[in-house]
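1. here is my input, please return the structure:
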Amino acid sequence: MTYTDQNDDAFRRRASENQARLNAELRPAYDFIVCGAGASGSVLARRLAEHDGVQVLLIEAGGSDEGEQVQDPGQWPVNLGSERDWGFVAKPNPHLNGRALSMSMGKVLGGGSSVNVMVWARGHRSDWDFFAAEAGDDRWSYANVLETYKRIENWQGTPDPEYRGTGGPVWVQPAADPSPVAYAMLDAAGELGIPRFDNPNGRMMEGQGGAAITDMLVRDGRRHSLFQAYVRPWMDRPNLTVLTDTTVLRVILDGKRATGVEILRGGERRSITARHEVVLSMGAMQTPKILMHSGIGDENELKRVGLPVVQHLPGVGANLQDHVSFGCTWEYKEPIAPRNSGSEAKLYWKSRPDLETPDLLFCQVEFPVPSDRTAVLGVPEHGWTMFAGLARPHSRGRLRLQSADPLAALEIDANMLSDPADMEAAMACVELCRDLGNAQAFRPLVTREVMPGNLKGDALRNYVRDAAVTYWHQTCTAKMGRDAMSVVDGSLRVYGIEGLRIADGSIMPRVTTGNTQAPCAIIGERAAEAIRATHLL
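-> Presented below is the predicted three-dimensional model:
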């Protein structure tokens with residue numbers, strides 16, 4: 001199936017008619033039920049459906065991804081707070097001066113890959129080797145993951161067969177015709193002794209970091225989500241049913257074996273059986289929530305809201321991590337219209353020179369991005385923001401149920417900046433932002449630094465607390481590992497429960513260095529390999 005085929009009118013009509021028929025004739029049982037059509041779930045569903053004799057049901061709480069606000073790369077901000085956003089909000093955080101952060105996550109076919117900034121960031125070598133060590137499984141190692149990346153990529157930049165692949169389903173390209181602001185950032189990094197690379201993956205993410213033009217999932221000027229890359233070309237097949245606008249309420253268990261799911265669709269509850277396995281791919285908020293409503297989690301938390309305990313796993317909902325960002329803004333001399341997604345340059349660097357790997361993450365944004373608090377400092381009509389933050393946060397949050405009702409909202413304690421080490425790194429991050437934005441390279445383009453200015457000590461700490469916002473990289477709430485707080489093993493099987501796996505960003509032992517879309521694709525591929533091995537597919 002080629003890109004042209006899936007955009008051909010005849011294919012679209014065939015796929016639409018096929019899915020309408022499959023939805024109208026829902027089966028009582030499928031071989032595999034994948035819950036969540038996001039970055040990982042889309043990959044997994046496609047890989048399972050490649051086996052003709054296997055019936056796969058892919059369930060998505062949101063709706064279609066075909067709207068212009070999804071497909072136009074420049075419109076990604078309008079999806080935040082829309083019907084394509086779960087609308088999660090964390091509880092007020094004393095470490096952020098009492099602020100309650102919005103924590104958007106995609107609720108649409110493609111999940112986050114349909115509402116994000118389209119950045120393709122593979123993660124650092126040290127991330128994957130850490131995953132392998134935690135799982136006790138070398139299949140998660142950087143060397144093995146690199147081969148998977150090469151297999152799934154259709155790289156459009158300078159040929160690099162050692163690090164990039166060209167025959168896979170995922171069209172990856174450098175940002176097309178980047179803004180002069182993006183190149184200014186690379187030049188500014190050079191002024192500070194930060195190395196420049198041809199792209200932000202491969203060699204750049206094996207050492208101390210560096211700067212590069214962003215890799216993006218954009219094709220022919222349109223968003224190329226992981227749903228479009230993997231599932232869309234398969235929607236005319238008789239063995240893949242894609243069920244939208246459907247909420248998974250819980251996993252159905254027979255003793256300690258998953259046998260299906262209970263769903264809510266069109267106001268009606270019903271159960272669907274999984275003959276082989278159920279896979280939760282709903283992200284770092286919804287996946288642990290469904291586990292808890294199924295009786296899987298910390299027994300004290302479950303008992304607190306009156307839920308029966310099937311499997312005590314204290315790590316469910318714990319270990320919540322996210323990249324927290326602190327925007328610094330400059331005013332343009334003359335308006336410069338954003339290009340592509342409006343974020344075309346990436347930089348990873350260190351808060352301290354003694355570190356061996358980067359702990360700071362920088363995405364340049366070609367328009368002002370204040371927080372709710374820093375907006376009162378004055379936002380220029382035309383300007384750009386260094387959207388920079390912590391790539392290796394030490395703080396950990398937690399999710400808690402507020403009710404036994406599966407439709408009740410979660411309590412989200414993001415707990416950002418609770419660890420003092422994060423505040424120290426944040427202050428170094430803002431200082432580096434200022435050094436970059438005030439470098440010689442930007443002087444032809446900007447008139448002034450709008451915020452934060454030359455703040456020190458407590459004033460800078462206060463700015464950090466007021467400026468902090470999420471990168472929307474919520475992860476790690478059902479982590480992979482072998483300790484008492486681990487939820488899944490190296491094959492992503494939920495401990496103590498047969499026939500149940502997790503494949504999404506919640507299984508990360510720690511958040512990867514950079515945007516999480518590409519690592520979630522790896523998680524989907526790894527889950528597919530494990531399931532195929534188990535069931536001899």
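2. tell me the contacts of the closest residue to L44 other than its chain neighbours?
-> Excluding the flanking residues, the one nearest L44 by C-beta to C-beta, 6 or more residues apart in numbering is G524, at 4.5 Å. (Each C-beta comes from the backbone N, C-alpha and C, glycine too.) Applying C-beta atoms under 8 Å, 6 or more residues apart in numbering, we find G524 in contact with 39-44, 47, 226, 281, 503.
3. ok, so of those residues, who is nearest K350?
-> Each of those was checked against K350 using C-beta to C-beta; the closest is A39, at 27.9 Å.
4. give the burial count for the closest one, as a bare number.
-> A39: 33 surrounding residues under other C-beta atoms under 10 Å.
5. please tell me how far it sits from P519.
-> As judged by C-beta to C-beta, to the nearest Å, A39 and P519 stand 9 Å apart.
6. what residues do these two have in common as contacts?
-> Shared contacts of A39 and P519 (C-beta under 8 Å, 6+ apart): G505.
7. T259 contacts I272, correct?
-> No: in this structure, T259 sits apart from I272 without contact. The criterion is C-beta atoms under 8 Å, and the distance is 9.9 Å.
8. neighbour count: those two, which is higher?
-> Between T259 and I272, counting by other C-beta under 10 Å, I272 is the more crowded of the two (23 against 19).
9. helix/strand/coil for the closest residue in space to that one that isn't next to it in sequence?
-> Counting by C-beta to C-beta, 6+ apart, I272 lies nearest to G260, which is 5.4 Å off, once chain neighbours are set aside. When classified by DSSP: H, G, I helix; E, B strand; the rest coil, G260 comes out as strand.
10. so what pLDDT did D9 get?
-> pLDDT recorded at D9 is 88.
11. ugh, typo on my part, it should be K150
-> You'll see K150 listed with a pLDDT of 98.
12. which parts of the helix or strand hosting it are buried?
-> Taking DSSP states H and E as the definition, one finds K150 inside helix 142-152. By neighbour count with 16 or more other C-beta atoms under 10 Å, helix 142-152 contains the buried residues 142, 145-146, 148-150, 152.
13. and for stretch 231-251?
-> Applying a neighbour-count criterion of 16+ other C-beta under 10 Å, one finds 231-237, 239-244, 246-251 buried in stretch 231-251.
14. kindly report the same for stretch 57-76.
-> Residues of stretch 57-76 classed as buried under the neighbour-count rule (16+ other C-beta under 10 Å) are 57-62, 65, 67, 69-71, 73, 75-76.
15. go on, stretch 297-315?
-> Neighbour-count burial for stretch 297-315 [16+ other C-beta under 10 Å]: 297-299, 301-302, 307, 310-311, 313, 315.
16. try stretch 43-51
-> When burial is assessed from 16+ other C-beta under 10 Å, stretch 43-51 yields the following buried residues: 43-50.
17. if you count neighbours, what's buried in stretch 383-403?
-> Residues of stretch 383-403 classed as buried under the neighbour-count rule (16+ other C-beta under 10 Å) are 383-401.
18. ok, now which ones touch the closest residue to G505 other than its chain neighbours?
-> Take G505 and drop its neighbours on the chain: the residue closest to it by C-beta to C-beta, 6+ apart is T475, 4.0 Å away. Shown here is T475, whose contacts under the criterion C-beta under 8 Å, 6+ apart are 284, 320-322, 505-506, 508, 511-512, 516.
19. quick check: the farthest pair among the residues you listed?
-> For those, with distances taken as C-beta to C-beta, the pair at the greatest spread is L320 and T512 (14.8 Å).
20. look at those two and report which has more neighbours.
-> The residue with the greater number of neighbours, taking L320 and T512 and applying other C-beta under 10 Å, is T512; the counts read 29 against 26.
21. re the thing from before, which one of the contacts of T475 has the most neighbours?
-> Counting neighbours by other C-beta under 10 Å, the top entry in these is S506, with 33 neighbours.
22. how close does that one get to P288?
-> Between S506 and P288 the computed distance is 6 Å (C-beta to C-beta).
23. bridged to the residue nearest to I272, which residues?
-> The residues listed as beta-bridge partners of G260 by DSSP bridges are I252, T273.
24. separation between it and Q440?
-> From G260 over to Q440 (counting by C-beta to C-beta), the distance is 62 Å.
25. element containing V450?
-> V450 is located in strand 446-451, with elements delineated by DSSP H and E.
26. who does the next helix or strand after that strand touch, helix- and strand-wise?
-> Under the assignment DSSP H and E, the closest C-terminal helix or strand after strand 446-451 is helix 457-467. With contacts taken as 3 or more C-beta pairs under 8 Å, 6 or more residues apart in numbering; DSSP states H and E, helix 457-467 sits against strand 324-332, helix 420-437.
27. and the angle from helix 457-467 to strand 446-451?
-> Using axes from the mean of the first three to the mean of the last three C-alpha atoms, to 10 degrees, the inter-axis angle of helix 457-467 relative to strand 446-451 is 90 degrees.
28. chain center to the helix or strand immediately after helix 457-467 in the chain, what's the gap?
-> Proceeding N to C from helix 457-467, the next assigned helix or strand is strand 468-470, under DSSP H and E. Per C-alpha atoms, centre = their mean, to the nearest Å, the displacement of strand 468-470 from the mean C-alpha position of its chain is 15 Å.
29. note down every partner strand of strand 468-470 and its orientation.
-> Its sheet considered, strand 468-470 pairs with strand 324-332 (antiparallel) by DSSP bridges.
30. hang on, V70 packs against R223?
-> Yes: with contact taken as C-beta under 8 Å, V70 and R223 are classed as touching, separated by 6.3 Å.
31. got any residues that touch both of the two?
-> S114.
32. take the helices and strands packed on helix 457-467 and write them to JSON lines, including mean pLDDT, mean neighbour count and distance to E17.
-> As requested, those are exported to JSON lines (pLDDT from 0 to 100; neighbours: other C-beta atoms under 10 Å; distance: least, C-beta to C-beta, whole Å):
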{"stretch": "strand 324-332", "mean pLDDT": "96", "mean neighbour count": "24", "distance to E17": "44"}
{"stretch": "helix 420-437", "mean pLDDT": "97", "mean neighbour count": "20", "distance to E17": "52"}
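33. before we move on, back to that, and the buried residues of stretch 383-403, which of them are in helices?
-> With helices taken from DSSP state H, there is no overlap with those.
34. and the strands in the stretch 201-350 of the chain, which stretches?
-> Assigned by DSSP state E, counting those that start in this stretch, the stretch 201-350 of the chain shows strands spanning 210-213, 215-216, 218-219, 222-223, 240-243, 246-254, 257-265, 268-280, 296-297, 311-312, 324-332, 345-349.
35. in a markdown table: the ones you listed, plus distance to L355.
-> Listed next are the strands of the stretch 201-350 of the chain as a markdown table, based on distance: least, C-beta to C-beta, whole Å:
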| stretch | distance to L355 |
| --- | --- |
| strand 210-213 | 14 |
| strand 215-216 | 24 |
| strand 218-219 | 32 |
| strand 222-223 | 35 |
| strand 240-243 | 44 |
| strand 246-254 | 41 |
| strand 257-265 | 42 |
| strand 268-280 | 35 |
| strand 296-297 | 35 |
| strand 311-312 | 37 |
| strand 324-332 | 18 |
| strand 345-349 | 9 |
